[in-house]
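# attaching a predicted model along with its sequence, questions to come.
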Amino acid sequence: MDIVVGIGDLAISNNESDTIKTYALASCVAVTAYCPKKKVAGMIHVALPSPPEKGYGIEKPGYYATTGIPLLINKLCSEFGCSREDLNINLFGGAESINKNDVFNIGIRNIEAATMVLSKMKVRVRKAEVGGVQSRTLEIDVAEGNIKVSCQPIIYGHEY
């Protein structure tokens with residue numbers, strides 16, 4: 001079964017017939033995690049680096065790198081019995097805006113926040129496909145942890 005992860009959402013599955021997907025990562029960042037020993041896969045689609053104020057991300061923690069990524073990793077470990085050392089972590093997205101007047105630099109800030117959180121959690125990123133000016137769609141299969149990425153250019157600051 002296909003499990004679709006929307007913006008600010010996360011999904012975890014130990015059903016080997018499942019595939020977890022997310023679409024159109026531009027400035028957003030996705031983190032995938034796979035535990036080969038337990039055959040468990042997870043993914044989060046992060047929109048922003050951190051909540052604007054303390055307690056703000058409580059209702060939708062997956063929306064932010066600083067609240068969502070720890071939630072994903074901790075659920076994999078506590079609910080599915082994975083150990084951090086066994087997790088294959090990958091990072092995708094964080095595209096730059098092609099709008100020269102973009103002062104927010106969300107893509108770069110998302111990459112920095114995700115990298116910082118993963119480093120603090122002492123999990124190693126095995127693969128990072130980040131930056132650039134393309135929108136990425138990705139999927140991870142639960143059976144083997146294989147990841148498929150497809151890219152489209154971002155045109156005039158919009159994803160197509």
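Yes, it's here. Numbers count the residues shown, from 1 in each chain.
# for the spatially most central residue of the chain, name its beta-bridge partners.
For the chain, residue 30 is the residue whose C-alpha lies nearest the centre (C-alpha atoms, centre = their mean; 1.9 Å). Applying DSSP bridges to residue 30 yields these beta-bridge partners: residue 45, residue 92.
# that one reaches residue 89, doesn't it?
No. Residue 30 lies out of contact with residue 89 (C-beta atoms under 8 Å); the separation is 11.2 Å. Any C-beta I mention is one placed from the backbone N, CA and C, and that applies to glycine too.
# ok, the residue nearest to the centre of the chain - contacts?
By C-beta atoms under 8 Å, 6 or more residues apart in numbering, residue 30 lies in contact with 5, 22, 43-46, 91-93, 136, 138.
# at 10 Å what do you get?
5, 10, 20-22, 43-46, 90-94, 110, 114, 129-130, 136-138, 140, 147, 149 (C-beta atoms under 10 Å, 6 or more residues apart in numbering).
# where exactly do the strands run in this protein?
2-4, 10-13, 19-25, 29-35, 40-46, 88-93, 125-130, 134-141, 147-155, 158-159 (DSSP state E).
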